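J.: with the input below, show me the fold.
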Amino acid sequence: DKTKRDHFLSLLRSFHVAMLVTVTPENQFRSRPMVLASFEDNGNLWFISHADTPKVDEVSKDSRTVVNFMQGQRYLTISGHSRVLRDKSKIEQLWDEKWRPWFPGGKEDPDLCLILVISEDAEYWDNTGFKGIKYVIGAVSAYLKGKTVEEEVRHDATRHAKLDVQN
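T.: Purely as a prediction, here's the structure:
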């Protein structure tokens, strides 16, 4: 649905840092903050990393990935699969000089790589502005009536939705 996809992309534009979740060799989840280098209109996400890190090893062995974003009253989670790439021209294209403290060798550092998250499914919650006020009123009403919030708050695709990102 176009409304969901447009709102998904609008939310994605508002985030700069994510929690990248990978699967360890022991089949445990591991999460770490990562700066979002870029994203595509199809929902695919780009991150820059050192190649010699546990996250790169984890993605190489089990590509299942979850990326979580949160800022104020906006939440977005994306699940998919990741690939590690050593594409120097893409690194050049994405490079931002403010990343130098983490990558002192800059974009020429031979240890740099990209993590491409191929997004499959996403879910978002956006309680900003009037949507948030309506949600709080609905929560209070639900409490007073002994109902759930879902029973009291009318569904709004700009507040909460699930979507298949690739379709």
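
J.: for His7, give me its contacts.
T.: His7 sits next to Tyr124, Asp126, Ala157, Thr158, Ala161 when contact means C-beta atoms under 8 Å, 6 or more residues apart in numbering. The way it works is simple: take the backbone N, C-alpha and C, and place the C-beta from them, glycine included.

J.: shouldn't it be within a helix?
T.: Yes - secondary structure assignment (DSSP: H, G, I helix; E, B strand; the rest coil) places His7 inside a helix.

J.: what's the pLDDT at it?
T.: Here the pLDDT value assigned to His7 is 90.

J.: same check on the one 3 residues further on?
T.: Per-residue confidence for Ser10 comes out at a pLDDT of 93.

J.: could you look up the next helix or strand downstream of whichever strand or helix holds Ser82?
T.: Assignment of secondary structure by DSSP states H and E places Ser82 within strand 74-85. Downstream of strand 74-85, the next assigned helix or strand under DSSP H and E is helix 88-94.

J.: mind listing residues that contact that following helix?
T.: So helix 88-94 is in contact with Ala37, Ser38, Trp46, Ile48, Lys107, Leu112, Leu114, going by C-beta under 8 Å, 6+ apart.

J.: and Leu116, how many neighbours?
T.: Counted with other C-beta atoms under 10 Å, the neighbours of Leu116 add up to 21.

J.: what about it, helix or strand, and which?
T.: For Leu116, the host element (DSSP H and E) is strand 112-126.

J.: in its sheet, what does that strand sit against?
T.: Paired strands of strand 112-126, with direction, are strand 45-50 (antiparallel), strand 74-85 (antiparallel), strand 160-164 (antiparallel) (DSSP bridges).
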